[in-house]
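Take this sequence and fold it.
(chains A and B)
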Amino acid sequence: MMSKAPKPRSLGKRILLLTGGMLLAATAAGAILYGPELLGLVQLGKQFDAITAENTRLGGPWPRASDACVSCHGVNGNAQAQTYPRLAGQPEAYLKKQLQAFVSGERSDPTMTPMALSMSERELNGLSAHFSKMQLLPNATFHADPARVKRGEALAKANNCAACHGQQLEGKDVYPRLAGQGYSYLQTQLTRFKSGVRRDASGAMPAVVAALSAQDIDDLAQFIASR
Amino acid sequence: MDDDVTIQDGGAGQERVSRRGFLGMAASVTAAATAAVLPEAASAAVVAVATGEGRDVLDVAIIGAGLAGLTAARDLRRAGCESFVVLEARDRVGGRTLNHDLGKGYFSEAGGQWIGPGQTAVADLARELGVGTFPTYYQGKSTILAKGARAAVDTEGGFGTDPKIAHELELLARSVPSGAPWKSPRAAEFDGMSVGDWLAKKNIEPADQVGWSAGLAITGGASPARLSLLHWLSMVNSAECNYDRLEAVKGGAQETRISGGSQILSIKMAEALGDKVRLSSPVLRIEQWQNGPVAIHTAKGVIRARHVIMALSPALCQQIAYDPPLPELRREMQRRWPAFAPGRKTAHVYKKPFWREKGLNGWIFQPGGAVLWAYDNSPEDLSFGVINAFVQISMLPSDKKAAEAQLSRTYAQAFGEEALHPLAYHEQDWRKADPWTLSCVSPMPPGFLTKYGEALHPPIGRLIWSGSETADIWAGYMDGAVRSGHKAALQALRAVATGRA
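So this is what the prediction gives:
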């Protein structure tokens, strides 16, 4: 029964207890003095502190609002799955506008609609500001097909994507950064603009995608994701 | 306990499902689906909506062939009701339970999979169906990885949650009824804050912050700042105000596994129901739900029924069109339902559970990494070693091979080089696999339950709401799904009887 079990402790207290608080011992000498198990705990304790410090620096004190976004959008908005959008470095105005569009129903998604509806405007604006400040890392998990990228590049030029999205497709104001975005996400969104499921009041995106075939959309997504 | 996994006595009905048996079941289910498409085999219930009321109107239509819908169907039949059909959108049964086929008659679960103390409804169902159970493996040390650091700690079958703070939650949970948290005398206070708001006052140290975040993500489906304290307390209340019973493996809701994989429960129920179950029949639109007969428009024609059991999560109810529209509170409740806990679960299959020989239990926690929680999901007779993991969806590449390789490297860091060479890899990203799940559990945000909770249970017109989310106990769990199915069947039988009187 419970009475026989050792006194239960939290993981944090256990680490502190097992290491005797000797957090300075995380050295090679520490391994000899205290054994590999103890050294592992000491190093782990240090890493926990380092992770906490880094997360606090980027997202404020725990518990952080932006933690809600990590699973789908990746750490600091750098999703590694091509299927979910990368938020890091997106223009603040664009992120704000999209979150408001989920609230108003102009844009609809079974995950994002209730998520946006569950937050106050202040929270939504806070997240928009947060992700716009995160540094976008290269889309390293995407492996492009060079022939498709070449066709996609020609399509991007012919359709003048740079007019709104910038010369390097880096985005500006309400126009999203495209360069380095997830491949499958791009493909899905372009297809949705074409079918009308995703709306764009300005009419710009529907006009661009109207003439694109499924192959064109795929090529374009290949090019953009590889930037 | 030593390394031998003892198989709990499942009674005379216990059986190991052979691959042939499983395929046989799959074939019979497929046959039922095929029958549903062929015009000549179509039942009298599939008719044009224009046809007048008559014998083509069923007593009950059940939408959703997960644990809730199939339990309800089974109960209807046991009560002598044969005038019903179960409509399922997918080409399979089981809803949020799904077996990966490992071959040779072995399975590893991609979805919901455990039974724990107090989860008597699903445990009874397993016994009735002749499905055995066995303990989840937790003996040995858990591995914790953080950046380059690795440590192995005995977490005693739990997640290392601070028992002092957990106990405070246990005490608060006493006043929050699991089936209707909005009825708590302190509902407004508890729903006005997140678990994170509450924890922030507790001076949690860094090592425990990552523990709380991981624990809440795995059990509650959200980060501390997004989860209503009222909702979390209602979950603790489900577990009889015992925190370990909610969160832990040892003595908790993850304690017991199902022989043949959790989906076997639904497969067996569907097999017994035969052609009552119509697969690949997503419901698009529901008309005349106020007074009936209700017209249910599916991708394969229109079904007419006097009463409908909606054995779906509220978020999936929202994907259906209603004419006339549902009352405002119900409509808003569905629209705002927090379907934002999609899950991605993986399975690495090895020749044997080699980590056990090293005194490890196969568990990995990786704060700041892709693995939320990895655990030993080997079959009971250890024919294979299996490491399952809940992963942060986008901290792994979407490419299956690349995801497998990244996880194998993580496992090698935790368990040794043997982990680099799995025999097979399976995964399911539930949000991307199909549109018929959307979310694993429902992480209720602050303010939701007190505002919309009242709309969750009461039937509206001819629509009876079921699905795990509507359960009075263990909502969100397989057990809750079974309970909600029993309850919906009773409601439907009463409604049918009242209509005849």
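
Grab the nearest non-local neighbour of residue B:366.
Spatial nearest neighbour of residue B:366, excluding adjacent residues (Cβ to Cβ, 6 or more residues apart in numbering or on different chains): residue B:145 at 4.6 Å. C-beta here means a position set from N, CA and C on the backbone, and glycine is covered the same way.

Quick one: neighbours of residue A:214, just the number.
11 (other Cβ atoms under 10 Å in any protein chain shown).

ok, now how distant is it from residue B:396?
As judged by Cβ to Cβ, to the nearest Å, residue A:214 and residue B:396 stand 27 Å apart.

Just the pLDDT for the residue nearest to the spatial centre of chain A.
For chain A, the residue nearest the mean C-alpha position is residue A:77 (2.2 Å; Cα atoms, centre = their mean). According to the prediction, residue A:77 has pLDDT 97.

cool, and residue B:4?
35.

now residue B:34
Residue B:34 is assigned 39 on the pLDDT scale.

before we move on, what about the one 10 residues further on?
Residue B:44 is assigned a predicted lDDT (pLDDT) of 40.

Please apply the same query to residue A:196.
For residue A:196, pLDDT reads 94.

Isn't it up against residue A:206?
Yes. With contacts counted by Cβ atoms under 8 Å, residue A:196 reaches residue A:206, the gap being 7.2 Å.

Common neighbours of the two, please.
Counting by Cβ atoms under 8 Å, 6 or more residues apart in numbering or on different chains, no residue touches both residue A:196 and residue A:206.

Which one's more surrounded, these two?
residue A:206 (15 against 9).

Quick one: list the elements packing against whatever helix or strand that one lives in.
If you go by DSSP states H and E, residue A:206 is part of helix A:204-210. The contact analysis (3 or more Cβ pairs under 8 Å, 6 or more residues apart in numbering or on different chains; DSSP states H and E) places helix A:204-210 against helix A:183-195.

Packing partners of the helix it packs on?
Using 3+ Cβ pairs under 8 Å, 6+ apart, helix A:183-195 is in contact with helix A:204-210, helix A:214-225.

where does residue 162 land on pLDDT?
The chain I'm using is chain A. 96.

um, chain B though
For residue B:162, pLDDT reads 88.

Touching, it and residue A:10? I think so.
Yes. The pair residue B:162 / residue A:10 is scored as a contact, 3.5 Å apart, by Cβ under 8 Å.

Low-confidence ranges, the chain, go.
This is for chain A. Counting by pLDDT under 70, chain A shows low-confidence ranges at A:1-9, A:11-36.

not quite, I wanted chain B
B:1-55.

and if we set it to 50?
Across chain B, residues meeting the criterion (pLDDT under 50) sit at B:1-52.

Who are the packing partners of the longest strand along it?
For chain B, the strand that runs over the most residues, judged by DSSP state E, is strand B:301-310. Using 3+ Cβ pairs under 8 Å, 6+ apart, the elements in contact with strand B:301-310 are strand B:46-47, strand B:58-63, strand B:84-87, strand B:294-298, strand B:463-465, helix B:478-500.

I'd like to know which of these is closest to residue A:201.
strand B:294-298 (31.1 Å; Cβ to Cβ).

Partner strands of the closest one, with direction?
Paired strands of strand B:294-298, with direction, are strand B:283-287 (antiparallel), strand B:301-310 (antiparallel) (DSSP bridges).

Return every residue with contacts to both of residue B:162 and residue A:10.
Contact criterion Cβ under 8 Å, 6+ apart; residues shared by residue B:162 and residue A:10: B:208, B:211.

hmm, back to that, and the residue nearest to residue B:366, its phi and psi?
phi -120, psi 130 (degrees, to the nearest 10).

OK, contacts around it?
Going by Cβ under 8 Å, 6+ apart, residue B:145 touches B:364, B:365, B:366, B:369, B:371, B:410, B:413, B:414.

Which parts of stretch B:118-130 count as buried, going by neighbours?
B:118, B:119, B:121, B:122, B:123, B:125, B:126, B:129 (16 or more other Cβ atoms under 10 Å in any protein chain shown).

Out of the helices and strands packed on helix A:183-195, which one sits most buried?
Most buried of these, by mean neighbour count (mean count of other Cβ atoms under 10 Å in any protein chain shown): helix A:214-225, with a mean of 22.

Would you mind extracting the C-alpha trace of that one into PDB?
Taking only C-alpha atoms (Å, rounded to 0.1, in the frame of the first residue of the first chain), the coordinates of helix A:214-225 have been written out as PDB:
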ATOM      1  CA  ALA A 214      -2.900  21.300 -59.800                       C
ATOM      2  CA  GLN A 215       0.600  20.800 -61.300                       C
ATOM      3  CA  ASP A 216       1.300  24.500 -61.300                       C
ATOM      4  CA  ILE A 217       0.300  24.800 -57.700                       C
ATOM      5  CA  ASP A 218       2.600  21.900 -56.800                       C
ATOM      6  CA  ASP A 219       5.500  23.500 -58.700                       C
ATOM      7  CA  LEU A 220       4.900  26.900 -57.100                       C
ATOM      8  CA  ALA A 221       4.800  25.300 -53.600                       C
ATOM      9  CA  GLN A 222       8.000  23.500 -54.400                       C
ATOM     10  CA  PHE A 223       9.700  26.800 -55.300                       C
ATOM     11  CA  ILE A 224       8.400  28.800 -52.400                       C
ATOM     12  CA  ALA A 225       9.100  26.200 -49.800                       C
END
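
now the angle from that helix to helix A:183-195?
130 degrees (axes from the mean of the first three to the mean of the last three Cα atoms, to 10 degrees).

what does helix A:214-225 contact?
Where contact means Cβ under 8 Å, 6+ apart, the residues beyond helix A:214-225 that reach it are A:82, A:139, A:142, A:144-145, A:148-153, A:155-156, A:161, A:169, A:178-184, A:186-187, A:190-191, A:194, A:209, A:212.

do stretch A:101-115 as well
The contact list for stretch A:101-115 (Cβ under 8 Å, 6+ apart) reads A:68, A:72, A:98, A:116-117, A:124, A:197-199, A:201, B:315, B:318-319, B:335-340, B:342, B:431, B:435, B:438-439.

Can you get me the start-to-end distance on it?
12 Å (Cα to Cα, to the nearest Å).

Return the residues in contact with residue B:159.
A:11, B:211, B:214, B:215, B:218, B:247, B:248, B:365, B:373 are the contacts of residue B:159 under Cβ under 8 Å, 6+ apart.

In strands, which of those residues appear?
B:365, B:373.

can you map out the helices along chain A?
For chain A, applying DSSP state H gives helices covering A:11-19, A:28-59, A:70-73, A:92-104, A:112-117, A:121-133, A:146-158, A:162-165, A:183-195, A:204-210, A:214-225.

These: which one's closest to residue B:472?
For those, proximity to residue B:472 was assessed by Cβ to Cβ; helix A:112-117 is nearest, at 23.5 Å.

so how far is the closest one from its chain's centroid?
Here the centre of helix A:112-117 is set off from its chain's centre by 17 Å, with Cα atoms, centre = their mean, to the nearest Å.

now residue 186, nearest residue through space, not along the chain?
Defaulting to chain A. residue A:221 is the one closest to residue A:186 (Cβ to Cβ, 6+ apart), at 4.0 Å.

wrong one, I was asking about chain B
Excluding its sequence neighbours, the residue lying closest to residue B:186 (Cβ to Cβ, 6+ apart) is residue B:175, at 5.7 Å.
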